[in-house]
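In: make a model of this:
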Amino acid sequence: MIGLVWVVVGGGGLLAIAAIALAGMHLPRFLAVTRPLAADILVVEGWIPDQAVKGVISEVLQRRYRKIVVIGPPLWKGFYLSQYKTYAELTAATLISLGISPDLVQAVPCPAVESFRTYTAACHLYRWLQQVTPAIKAINLYTYDCHARRSWLVFKRVCAPQIKVGIIAAPALNYNPRRWWQTSVGCRQVATEAIAYGHTRFFNWRA
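Out: Modelled structure (predicted):
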């Protein structure tokens, strides 16, 4: 009997470990979600890496947007040396230098905050949209890798029910999502965003 119980419990433990391992392998794909909508406006989180910004070109060629709105807070580094003082302005200028028409790009800087940065950006964007394009019904949010699901959750809640939000995640550039646990940068990015998403989803979505 004891041996049978050990086999059952041990088997269950192995199944649990296998399930956790399988979930961990697919964690980046869950977090880096892409579900775009038919939308006239593409919103770009301005803090994303330059290589991810280049992906906006492909997105614009694939779907016809009436406007590209770049949001972002003041620069975290180089503020006093750069002619651009916010990530919104810096990334908007980058998109123009990459060939996107200046008439298509709009920078919408966000205020500096120590916490609630994604929530603050979403609220600032929503107010801007209501003032400038009150008839807009849907937007697509373009962000980077595993940050996508958390940003999507926050922006959807801020903009609901007036504006629907689609999401596009630029792929990871500095680690292999299928082997994310093999590098320190992969572990850091995936684990940090997984914890942050769990906190946002179950405790405080404004954080």
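
In: so which residues of the chain form strands?
Out: 41-45, 67-72, 105-109, 138-144, 164-170 (DSSP state E).

In: among those, which is the most enclosed?
Out: Highest mean neighbour count of these: strand 41-45, a mean of 26 (counted as mean count of other Cβ atoms under 10 Å). C-beta here means a position set from N, CA and C on the backbone, and glycine is covered the same way.

In: who are the packing partners of that one?
Out: helix 50-62, strand 67-72, helix 117-132, strand 138-144 (3 or more Cβ pairs under 8 Å, 6 or more residues apart in numbering; DSSP states H and E).

In: neighbouring strands of it in the sheet, and parallel or not?
Out: strand 67-72 (parallel), strand 138-144 (parallel) (DSSP bridges).

In: now the ones you listed as TSV including distance to R29?
Out: Shown next, in TSV, are the strands paired with strand 41-45 (distance: least, Cβ to Cβ, whole Å):
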stretch	distance to R29
strand 67-72	25
strand 138-144	15
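
In: for I163, find the nearest of the ones you listed.
Out: strand 138-144 (6.1 Å; Cβ to Cβ).

In: wait, isn't P49 in contact with D145?
Out: No - in this structure P49 lies outside contact range of D145 using Cβ atoms under 8 Å: 9.2 Å.

In: more crowded one of these two?
Out: Neighbour tally, P49 and D145, criterion other Cβ atoms under 10 Å: the higher count belongs to D145, 22 against 13.

In: any idea of the pLDDT on L75?
Out: At L75, the model reports a pLDDT of 95.

In: hang on, the earlier thing: would you reformat the helices and strands packed on strand 41-45 as a markdown table and include mean pLDDT and distance to I168?
Out: A markdown table is the format used below for the helices and strands packed on strand 41-45 (pLDDT from 0 to 100; distance: least, Cβ to Cβ, whole Å):
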| stretch | mean pLDDT | distance to I168 |
| --- | --- | --- |
| helix 50-62 | 93 | 6 |
| strand 67-72 | 98 | 12 |
| helix 117-132 | 96 | 15 |
| strand 138-144 | 98 | 5 |
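
In: so which of those comes closest to N174?
Out: Across those, closest to N174 is helix 50-62 (Cβ to Cβ), at 9.2 Å.

In: mind listing what's buried along that closest one?
Out: The neighbour-count check on helix 50-62 (16 or more other Cβ atoms under 10 Å) flags A52, V53, G55, V56, E59, V60 as buried.
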